[in-house]
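Q: 3D, please:
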Amino acid sequence: MWYRIGRGPAREYFHANIDLVRASQIALALSFALFMAGLAAPRLSVELHGDFMVWGLLAFYLSVMYLQHPAFTNTMPKRPLSYVLLALFAAGLVGGYARVPFSWAPFSALYIALYAPGFRGRNAPPNLITVAGLAALALARSPWQIVMSFPAASAMSLMLRVDSAKRKIYVGLPAAAAFAAVYLALVFSPAPQPISTALVFAAFLALVRGFHISREPYSWGTAVGRLLPLLSPLSFLGLPAHHFLYMGISVIMFSLCIPWFLPSVFLRQVPRWPQYLPLIPITASVLRLTGYGPLVGASAAILMAGGVYAALAILRERAFPLGPAP
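A: This next block holds a predicted model:
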């Protein structure tokens, strides 16, 4: 199913790499389209708004995580597995729209299988969290469970990787396994969803020993992104039920995934991002969490403008080609 990095036949390995990049690009373009449609949809259909935003998150994290799959597992998926995975993702979307139970299970099963070589060394703990998220996706029955599955697990696994490097913390496989067990139990527990959301992110903060605040956008941006889901129980006071989770993930996206990883998806140099980039989703979060109609609309407009700005900033940078096939 895969080549070990640097060990496959040169020409086949090259084309497998091209497939992986193209699949990541398709997923990211789909994510952008779904997000824009979702942000524009509330006036037409609240249900469509929710579907588009949830599917946009799934496509976004498929793009980000799959592009880095060789680094995470030290393997390159063979041809045509990248496109098979993409086809199963599309089938999951169709099944989700038709409300077919467990429509994401085939996609999750193949993606979990591709992670099989990734459970050794420093990659094992974050990979285990990602796989737990894929397992949750296979069983998810509600939009909240879908967001808490692969998207939330991917965000947490990426922060674990970065925190481990920047803060010099060590999280072993037993600790990651214990967290994954707690995470899965809470996602499928009968507890109120806001309570489960808060407990999952509290457990993650315990796993990575809190957070460190500095002037770096990643630091203070992801701190806000981690804290917002902890406030989910405020929904019992009448605030938007799940948007503490959704907006928290959006802050993490603008603090980590967009500036660090998306340029590589389109083979571009990294732009000189402004220090205030995470303030875009933070401002949108404050407005969205009021639940007040005009401010909710302003929140959507800010996120749409932020997405367009990030896309243009990346695409105007100089591209670096992969070169000719060997």
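Q: ranges for the strands of this protein?
A: Counting by DSSP state E, the chain has strands at residues 2-4, 75-77.
Q: weakest of those strands by average pLDDT?
A: The minimum mean pLDDT among those belongs to strand 2-4 (a mean of 88).
Q: neighbouring strands - and their directions - for that strand?
A: Here strand 2-4 has these sheet partners by DSSP bridges: strand 75-77 (antiparallel).
Q: so how far is Ala37 from the residue nearest to Ala305 when sequence neighbours are not counted?
A: What sits nearest to Ala305 in space, not counting adjacent residues and going by CB to CB, 6 or more residues apart in numbering, is Ile280, at 7.8 Å. Backbone N, C-alpha and C define where each C-beta goes, glycine included. Separation of Ile280 from Ala37 (CB to CB, to the nearest Å) stands at 19 Å.
Q: of these two, who's got more company?
A: Each of Ile280 and Ala37 has its neighbours counted (other CB atoms under 10 Å); Ile280 has more, 22 against 17.
Q: spit out the contact partners of the more buried one.
A: 254, 302-303, 305-306, 309 (CB atoms under 8 Å, 6 or more residues apart in numbering).
Q: I'd say Ile169 and Asp163 touch.
A: Yes. Assessed by CB atoms under 8 Å, Ile169 is found in contact with Asp163 at 6.1 Å.
Q: intersection of neighbour lists for the two?
A: Val208.
Q: which one of the two is surrounded by more residues?
A: Asp163 (21 against 14).
Q: the helix ranked longest in the chain packs against which elements?
A: Longest helix of the chain, by residue count under DSSP state H: helix 10-40. For helix 10-40, the elements it packs on are strand 2-4, helix 46-67, helix 69-73, strand 75-77, helix 81-97, helix 262-265, helix 293-315, judged by 3 or more CB pairs under 8 Å, 6 or more residues apart in numbering; DSSP states H and E.
Q: what comes into contact with stretch 101-111?
A: Against stretch 101-111 from outside (CB under 8 Å, 6+ apart): 81, 84-85, 88-89, 91-92, 94-96, 134-135, 137-141, 146, 150.
Q: for this protein, give me the ranges with low pLDDT.
A: 42-44 (pLDDT under 70).
Q: number of nearby residues for Leu256?
A: 22.
Q: do the same with the one 4 residues further on
A: Counted with other CB under 10 Å, residues neighbouring Trp260 total 15.
Q: tell me the contacts of it?
A: 218, 270.
Q: any idea how far Tyr111 is from it?
A: 22 Å.
Q: could you measure from the spatially closest residue to Leu227 that is not a sequence neighbour over to Pro281?
A: Using CB to CB, 6+ apart and skipping residues adjacent in sequence, the residue nearest Leu227 is Gly248, 7.5 Å away. Using CB to CB, Gly248 is found at 9 Å from Pro281.
Q: what does Tyr218 give?
A: 14 Å.
Q: give the buried subset of the contacts of stretch 101-111 as a ChimeraX selection command.
A: Selection of buried members from the contacts of stretch 101-111 for ChimeraX, criterion 16 or more other CB atoms under 10 Å:
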select :81,84,85,88,89,92,95,96,134,135,137,138,139,140,146,150
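Q: just to revisit the earlier point, which one's more surrounded, Tyr218 and Pro281?
A: The neighbour count for Tyr218 versus Pro281, taken as other CB under 10 Å, is higher for Pro281 (29 against 19).
Q: pretty sure that one contacts Ile249?
A: No. Assessed by CB under 8 Å, Pro281 is found out of contact with Ile249, at 9.1 Å.
Q: now the residue sitting nearest the centre point of the chain, nearest residue through space, not along the chain?
A: Centrality entry for the chain: nearest residue to the mean C-alpha point is Tyr61, 3.4 Å, by CA atoms, centre = their mean. Nearest residue to Tyr61 in three dimensions, chain neighbours excluded: Ser154, at 4.2 Å (CB to CB, 6+ apart).
Q: do Val94 as well
A: Per CB to CB, 6+ apart, closest to Val94 is Ser103, 7.5 Å.
Q: and for the one you found, the neighbour number?
A: 19.
Q: ok, the one 4 residues further on next?
A: A count of nearby residues for Phe107, using other CB under 10 Å, gives 26.
Q: check contacts around the residue nearest to it when sequence neighbours are not counted.
A: Distances taken as CB to CB, 6+ apart place Leu88 nearest to Phe107, at 4.0 Å, with adjacent residues excluded. Applying CB under 8 Å, 6+ apart, we find Leu88 in contact with 106-107, 110.
Q: name the nearest of the residues you listed relative to Val54.
A: Nearest to Val54, judged by CB to CB, of the contacts of Leu88 is Phe107 at 14.4 Å.
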